[in-house]
Structure formats: structure tokens, C-alpha cells
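*Asks:* no FASTA, just this:
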């Protein structure tokens, strides 16, 4: 017997942790809304015939967001055997709103009263038997993070699925509303195939849910009768139908909690005390940027930097050994060059940064699992809203720090279509894991002693997002008021080493997998282009300037001359190969750098980093943008805007930096030689003023635009008042 169990719950209720415990899956657990943007499926441990479907975290079954649409469509159309409703026991009032809707669907439901350990620790008491009686379905106490109650929850769900016992639907509405719902039920009894969810359909029709009205395709006569029933009550209650239902639900939940939940009064929890500091109006941003600096200092400049030599030595041994074996076998010159430089050298240059990235991902996962990243979204909302952006946009951007593709997909949580479009366009501006090797390479070789360069990339990206938001809000595609931002801040908790390790490994595995596929193929193609002429003559490294790659680079390098790195064709080619995958930029420099010197100054190196940060993302991310936009017109606009802005900002960095630092050591050319990275990182002489000046320029521009907007808004207000 095949059984489908659907996990449904609010964001931050521990739903994905529960999924991992039930299935043994190594899926990453996030700590902010919007991590699960599509349903995921696994098998219950030791039960191959029982599937667990992890549905997106939602607050209700009203179709405001794509998350809610995905979940509701699955529940109503595909009808799982049992719903496992994950409820945060420490925040029952908010969580039980969804529970009341799930019970009404007619699908057998089990409530997993999760985080019960937090409730017990606080000294609160929940009468589980009374709560089960009031909700009309089984209630099981669980703690997903500790693995408590999981077996009991699975057993209860399986038993309920086999017995097919229906929920006991309680009358949560007042008599007048209940009578109206029953009246609608009678009207549609012949239009509903499944009698078990007729009550739920009736409530949705009472709320005038457009999607349900379209789905049932009721006759005009029935629709008019339903409208008359609804309008009569709206007039009597002096509220719209949806507002009436919402009020009635919360009134019912309040009564249930009064009966079942005995809460110990506390003036301030530990989380409240921490939040009074980390979300403080004046301290929040300095603390956030200080944490970013510390993470980069450890990951890139100190501990991470120590690992570079070991990885290089490891790949050096592999490279020397491979060449030695091939030489003994009588391999040709081009074969030795392909294996030694084209494959091992290029892939080795990428893997050099794996330990650094793993340390970085480790620290970021600590912030996520502890609950701090949810606070960052709250902090950024206060800033974003001042510039006409929604705080909800920051959540996909946080997800985009790992990879832009899931970040772009996470924009589905935003109700406002124009805000969603803008979030899709701006999310690639946040440095993703694929761009980090590029930054790590330049930091190690050009800015090794300047610990502010890494964090400044994030700071500049955030300010650029704000400036872009102000500009885009004035265009027809994105104009309008930002959507309200409502999110619950989870209680701080000590991250589990298992969850942190899973996150770090998943990110590293994704990076290594890409290195072994896309980057591997790209490295071979780049080697072929740089090792053969257009007449297909093999060229040794010293004749690389005659290669096909050099010809292509020479044809496009003039575009990058104003940016400071167009004097050589190699950076121009690297900028283009980054469209395949941003890591390929490093592979390109590694491959070409073995054949010819590549000159950069600190100014032009920073300009190249800025261009890489903001230019169009990889083809896979562009494809994700196309799917989310739904048309090519907006996609091409986004790619053009991203690349155009990247060009302008890199141009400003080069122009202003060259003027300020003319004749100084900052503008002295240095050879980018990846095989000598360790020595370069030890001997680099760095002047960090360039970063501070560039950051200061962008900050001043942001303040100027913000002040200008406020003045314009004030004038409009005065004009309206007059």
C-alpha cells in the first residue's frame, strides 16, 4: 500500500528539520521563510512504500503567494493520504490559523506540536488531549531538532492513513456565518466531486476566492445567489467576507489557547535581550558588517589563506606525476600540455579555493541556524523601505549568497508582482558562491593584507541594490508601493553541528560537482582555443598570441579598455567565459596565465571584481530569470541593465582610482600568476584606501539620491496639501 504524507506548516516551524528526521535526507535546513520553494519528496525511514512530501512553508491556504498556490493545489488536487501539520508550540496563535484551514479540507490531519522542548524549558504547559479534542484531530508532541516524538508521529500518521478516519470539523464560526456556509454547501453539492472537502470549498466561495470560483465554473445563477448571501453578511458585519472569516478564526484560536495553553509570564526572554542589541537602530548595521568582516578575515585572509599552499602542493604532485607517467608512455607535447595545464592546472586552480569556501559556508550556516539571518532580513527591511523596496526582497538575496538560481526562485514568496520582478533582477547583484573564487583569487594575490576588501564587496552590492531599486521604481515595469513585510523572528538557538556540516557539505559538493562537469569541459575548450590557431596548427605556450582564443580576445578587448583591463586580451576573454559559470573565470586565468603574463594593478583588479560582481550572471541563472519573469523581454532588459551597470561602475572605479593613485604603488602593475599565488599573497603590498574611497563614493551617491527623493516627496506632499 503506497501512502503519501504531506508536511505542511508555517515558515520557521521546523518543517524541513522534520522532513530530514522522517526521511533521513540530508536536505539543508534554513532559518528564514522561503527556503523550500518547491515540494520535495523522500521515503519514510525503513518504509519504501511511504512517501513524505515537503511542501513550501506557508501561513494560510489563501492564494496570495506562489508558495501558497503550490501547497494548496497539491493538497486539493492531488489529495495526500494524511497531512502532517507542523505547529510551532511556542507560537501557537499564529500557527493554528493554518491548522483550522487544513482540518477543513477533509484530508485526515495529524498535528505535530513541534519545539515542545522550548515550551517545557520556558515552564509553559499545553494540555495536548484538550487541544486534540478542540481541533478534531490527533496531536503529537515533537522536537524535530532533538528527534523526539518522530516515531510516534510516523506511527500515528500511518495508522490514520490506513483507517482513513476523517477529521471532526468543529464549528469555529458564529451561527450566522455557519448558516451562510451551509447554505452555499447546499448550492454546490452537485458541483463537487469529493464530498469530504465540500465544506472547505464553501468557505472559499464565501470568501469570494477567485481561483476557486474559476475552478468550479459555477453557473451565473449560482454565483449570483452566493454573492447575495455574502453581501448580506458583509453589510451586517460591516466588513468584507475574507475579513469576517479571518476575525472568526482568530476568535476561535484565542478560545482554544485559553483552554489549552498555560503560559508563564516573562518580562524579557534571552532572545529579546539579544535582539535589543543586534537589532538596535544604531548598532544593527555596524554589528552586521563587523560579523561579515570577521567571517572574511578568518575564511579568506587567515585560516583560509593557510590552506592554499597545501592544496597547491597536492595538485602539484598530481600534475607532476601525471606528466611523468605520460612522458614515459611517449605522449606528444600537446597531450602533456592538455593534461598538465589545460585540465589539472585549471581544475587545480579552482579547487585551491574549496577549503576557503567551506570555511565561509560554515560560518554563514552558523548565522542561519542560530536565527541571526532572520534578524538581518528584519534590519534590511528598515533600510530598504526608506528607498521604496520591500524587505521581502532581502530573503531571496540571502538565499542567493549560496547560488543565484534558488535565490531567484525564492522570489515566489513576494505577493506584489512588480516587487517580485525587481527582486529577480537584483538578486544576482549579491555575491554568490560561484563568484567567491574570483574574489578570493584577486584578494589573495592583490589585496592579501587588506581584510576589508572581501566585506566591502557585500557592502557595495547592498548599496548598489538600493540605488538600483530607487531607479527601477521609476520605470513602468517596477513602479508602485512596496509590499508589506511581515515575518516572525525565530528564537535564538545553538546551531546543531549536524545541520551546519550538512549545509557546508551541500555547498561544497555543489561546487565540486560543477568543477567536475561544466568547469572541466570549459577548461578543455579554453585550452583547445588557446593551443590551436584558426588553421588548427598546434601552438606551444610561447605562441599563445597566435591562437584562436587570442584572436577572439583581441576582437573584444577594446570594449574593456576604459575599464582598465583591456590592454590584454586575457581579462576580456575571462569576462566572457564567466557566462558559462563564474568559476570558469579563474580557470581561464589559470590556463592562459601558464602561457603568458597577465598584468593587473590594484585599481584595475578592483574594477574587474566590480564588473564580475554586477555583470549578467551565468547562463543557468539567466534561464532561471527567464522562467520567473515569464517572457524574454524582461529577461533581456535585466541582462542589459546588469551588464550596463557593471560597466559603468567598473569604469568609475578605474577612472577615479587611477586619478587618485596615479604614480603610487597601487597603480604599479603586478603579474597575475596563479601558480605562484602563495608567494604573491605573502609579499603583496596593499593600500586599502582604494576600497574606502570607492565605498565612500557609492555611499555618498546613495545618500544624495535618498535625500533628493525625500525632497521631491516633500514637495509633492506640499503641493497636494495646497
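*Replies:* Alright, I've got the coordinates. Since the structure is predicted, the reported quantities are computational estimates derived from the model, not experimental observations.

*Asks:* can you show me the helices along the stretch 101-250 of the chain?
*Replies:* 116-121, 128-135, 150-163, 175-188, 198-206, 210-216, 220-237, 241-260 (DSSP state H, counting those that start in this stretch).

*Asks:* of those helices, which is nearest residue 364?
*Replies:* helix 116-121 (24.2 Å; C-beta to C-beta). The way it works is simple: take the backbone N, C-alpha and C, and place the C-beta from them, glycine included.

*Asks:* before we move on, the earlier item: what's the most buried one of the helices of the stretch 101-250 of the chain?
*Replies:* helix 198-206 (a mean of 23; mean count of other C-beta atoms under 10 Å).

*Asks:* could you list the domains of the protein?
*Replies:* Per automatic domain parsing, the domain ranges recorded for the chain read 3-163, 175-262, 284-712.

*Asks:* mind checking those for the one nearest to residue 274?
*Replies:* domain 284-712 (5.8 Å).

*Asks:* and the closest one, average pLDDT?
*Replies:* Domain 284-712 shows an average pLDDT of 80 in the prediction.

*Asks:* what of stretch 102-110?
*Replies:* 93.

*Asks:* pretty sure residue 187 contacts residue 224?
*Replies:* No - with contacts counted by C-beta atoms under 8 Å, residue 187 stays clear of residue 224, the gap being 10.7 Å.

*Asks:* could the helices of the stretch 101-250 of the chain go into a markdown table alongside mean pLDDT?
*Replies:* Compiled in a markdown table, those are given as follows (pLDDT from 0 to 100):
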| stretch | mean pLDDT |
| --- | --- |
| helix 116-121 | 88 |
| helix 128-135 | 93 |
| helix 150-163 | 93 |
| helix 175-188 | 91 |
| helix 198-206 | 91 |
| helix 210-216 | 87 |
| helix 220-237 | 91 |
| helix 241-260 | 92 |
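
*Asks:* wait, which of the ones you listed is closest to residue 618?
*Replies:* helix 210-216 (35.0 Å).

*Asks:* chain center to the closest one, what's the gap?
*Replies:* 32 Å (C-alpha atoms, centre = their mean, to the nearest Å).

*Asks:* turn the domains of the chain into JSON lines, including distance to residue 269.
*Replies:* Shown next, in JSON lines, are those (distance: least, C-beta to C-beta, whole Å):
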{"stretch": "domain 3-163", "distance to residue 269": "8"}
{"stretch": "domain 175-262", "distance to residue 269": "16"}
{"stretch": "domain 284-712", "distance to residue 269": "7"}
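
*Asks:* which one of those domains lies closest to residue 272?
*Replies:* Here domain 284-712 is closest among the domains of the chain (C-beta to C-beta), at 9.6 Å.

*Asks:* these two touch, right, residue 617 and residue 646?
*Replies:* No - under the criterion of C-beta under 8 Å, residue 617 is not in contact with residue 646, lying 10.8 Å apart.

*Asks:* which of the two has more neighbours?
*Replies:* Ranked by neighbour count (other C-beta atoms under 10 Å), residue 617 and residue 646 place residue 617 first, with 29 against 21.

*Asks:* residue contacts, the more buried one?
*Replies:* For residue 617, the contacting residues are 404, 428, 432, 582, 625, 642, by C-beta atoms under 8 Å, 6 or more residues apart in numbering.

*Asks:* identify the farthest-apart pair in those.
*Replies:* Going by C-beta to C-beta, the pair spanning the contacts of residue 617 furthest: 582 and 625, at 15.3 Å.

*Asks:* quick one: the strands in the stretch 501-650 of the chain, in order.
*Replies:* Counting by DSSP state E, counting those that start in this stretch, the stretch 501-650 of the chain has strands at residues 599-600.

*Asks:* against residue 506, how distant is the residue nearest the centre of the chain?
*Replies:* Using C-alpha atoms, centre = their mean, the residue of the chain that lies closest to the mean C-alpha position is residue 399, 1.7 Å off. The spacing between residue 399 and residue 506, counted by C-beta to C-beta, to the nearest Å, is 13 Å.
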